[in-house]
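Enquirer: I would like to see how this sequence folds:
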Amino acid sequence: MYLTQVLDRGVQLKPRHPALVCGTQTLTWTALHHRVTRLAGALQALGVTSGDRVAMLADNGFPYVEFHYAVAWIGGVIVPLNTRLSDPELVYILNDCTPMVLLIGPEYAGRRAALAVGCPGLQAVIALGDVTDPLDYETLLARHAPVLDRRRDGQDLYAIIYTGGTTGRPKGVALSHANLVANTLALISVNEFTEEMVYLHNSPLFHTSGSARLLAAVSVLATNVILPRFEPAAVLAAITRHRVTHIILVPTMLNRLLNNPAFDDCDLSSLTHCVYGASIMPEALLRRALLQMPGVRFAHSYGMTELSPAATSLPAKYHVLEGPLASKRKSIGQAILTAEIRIADSADQELPRGEVGEIQVRGPMVMQGYWGQPALTAQTLRGGWMHTGDAAYMDGDGFIFLVDRIKDMIITGAENVYSGEVENAIHEHPKVSECAVIGLPHPDLVEVVHAVVVPLAGVTLTEAEIIDHCRLLIARYKCPRSVEIRQTPLPLSGTNKVLKTELRRQALAAGTG
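Expert: Below is the predicted model:
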């Protein structure tokens, strides 16, 4: 199997059936194939060839799906860009992976000049939704003829997807065609994907959680309903209008759906499957969802970008409030069919069941490595195992229970924030002596970013100064929601590491969280 073959299969088996639906517009499998092959022709005419990178900054829509397949069609490598990143962050990424072409949506047209100036290596910028632009997307599709599929597969690179960096810089996760094929086949199996389903894509397609499920749903020739972004009312309306059967939500999204005033008035009877991930589902929220959505089969999926992204699954049968299976409800499930998982100690030795250690994974879905970072790749993949940095234990039945994040990662809403990245931004403030960033619990977002800052001696520093400073350097969702300015040094361990557990305890005791 190779990823692009599904388009030929769609034309052969379901030529007039809907492949994509976005708002009032629908593309059949024939139309999708037509547009993908013409976009591939346009990119090829711009000089894109095997191994070249093509980036995209846009909201979800038909072009985002076409981008995923057209770049691969001619052997290129996609670089989906997080729309919530700041201009300096995007400039860093673009200069790191040096794409030839950038596709930019109308919502982000105002950022085009800054990106073009900061990234002189860009050879072309394709504008979506601007017919006055010489490289207007729809005009390019109309002008260029289809080209042949280069049928890239195996270890050929498919995507470079950037995640937050623990050292303060984003790192590009290099995923091959084989990685995504392995993940696609696993997702089809564990999530009960069929050609009869209607899948609602409301998660950003620049995330692996969104793009991986797009690839899986397209592979079974399902109908794919695309929303530009997550908005509770729009999601509820789309489920009702299009008779959606499958969806993925992070706990924050689910909570906002249940709290939306329109929830009780919508017909959600078509919805049969809901996968959640990104963070552990709060017990109270899951209980509420099971009671208010009794016809939905909930399932938990754990993974990360480096795993393409899935590694475990907790199927619907364990999402019960009582009975012998209920004890597994708080786990992240068992290894999916393509993954091998162990819990290991700091010496990478597997631990007995019930003992807490690091989750380590190996299998065909594990990334090729970090783009341009061989030392970090070797460290992360040492011994042939992906070292996740997450602490957990495994019970006697192979169910994995997440305990904590070894890496200092904060999960806020649907986004992962690395504390080191925020700390680096804060440290650039000229008045800062020391700082530490931690996550504090939040009833809706799971966690929020909290900073503890020690100013230089004799200077005055305010919470607003720190937050405003961070907003110039990093995405707003990464910026601290609260800041403690303290005059005493940060607490240190015996090895001179900041005791973030102590800072978290102090903040909670003070009522900050």
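Enquirer: all strands for the stretch 301-450 of the chain, in order.
Expert: Applying DSSP state E, counting those that start in this stretch to the stretch 301-450 of the chain gives strands spanning 310-314, 334-335, 340-344, 357-362, 369-370, 386-394, 400-405, 409-412, 415-418, 432-442, 446-455.
Enquirer: tell me the contacts of the closest residue to residue 289 other than its chain neighbours?
Expert: Spatial nearest neighbour of residue 289, chain neighbours left out: residue 254 (5.9 Å); criterion: C-beta to C-beta, 6 or more residues apart in numbering. Where you see a C-beta, it was placed from the backbone N, CA and C, and this is true even at glycine. For residue 254, the contact set (C-beta atoms under 8 Å, 6 or more residues apart in numbering) comprises 274, 276, 281, 285, 289.
Enquirer: what's the burial count for the second one?
Expert: Yep, that's residue 276 we're talking about. Here the number of neighbours of residue 276 (other C-beta atoms under 10 Å) works out to 24.
Enquirer: Just the contacts of residue 254: which are in helices?
Expert: The subset of the contacts of residue 254 located in helices under the criterion DSSP state H comprises 285, 289.
Enquirer: would you turn the contacts of residue 254 into a markdown table with pLDDT?
Expert: Output for the contacts of residue 254, formatted as a markdown table (pLDDT from 0 to 100):
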| residue | pLDDT |
| --- | --- |
| 274 | 97 |
| 276 | 91 |
| 281 | 71 |
| 285 | 82 |
| 289 | 93 |
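Enquirer: The residue lying closest to residue 164 once chain neighbours are set aside bridge partners, please.
Expert: Among residues not flanking residue 164 along the chain, residue 418 sits closest, at 3.9 Å (C-beta to C-beta, 6+ apart). The partner list for residue 418 in beta bridges (DSSP bridges) reads residue 409.
Enquirer: what does residue 393 give?
Expert: Under the criterion used (DSSP bridges), residue 393 bridges to residue 401.
Enquirer: out of the strands of the stretch 301-450 of the chain, which comes closest to residue 268?
Expert: strand 310-314 (22.1 Å; C-beta to C-beta).
Enquirer: pretty sure residue 229 contacts residue 201?
Expert: No. Taking contacts as C-beta atoms under 8 Å, residue 229 lies outside contact range of residue 201: 10.6 Å.
Enquirer: Pick out whichever of these two has more residues nearby.
Expert: Neighbour count, other C-beta under 10 Å: between residue 229 and residue 201, residue 201 has more, with 24 against 13.
Enquirer: Which residues are in contact with that one?
Expert: Counted by C-beta under 8 Å, 6+ apart, residue 201 has contacts 60, 210, 213-214, 217, 224-227.
Enquirer: Return the closest of those residues with respect to residue 352.
Expert: The nearest one, if we look at the contacts of residue 201 relative to residue 352 and count by C-beta to C-beta, is residue 213, at 35.1 Å.
Enquirer: Secondary structure element holding the closest one?
Expert: helix 208-219 (DSSP states H and E).
Enquirer: and that helix, average pLDDT?
Expert: Averaging pLDDT along helix 208-219 yields 95.
Enquirer: likewise stretch 344-357?
Expert: Rounded mean pLDDT across stretch 344-357 is 95.
Enquirer: Could you tell me how far that stretch lies from the centre of the chain?
Expert: Put simply, stretch 344-357 sits 28 Å off its chain's centre (C-alpha atoms, centre = their mean, to the nearest Å).
Enquirer: same thing with stretch 10-22?
Expert: Centre to centre, stretch against its chain (C-alpha atoms, centre = their mean), the figure for stretch 10-22 is 27 Å.
Enquirer: wait, residue 247 sits on residue 272?
Expert: No. Applying C-beta under 8 Å, one finds residue 247 not in contact with residue 272, separated by 9.7 Å.
Enquirer: out of these two, which sits in the more crowded spot?
Expert: It is residue 247, of residue 247 and residue 272, that has more neighbours when counted by other C-beta under 10 Å, with 26 against 16.
Enquirer: Please consider this matter closed, and thank you.
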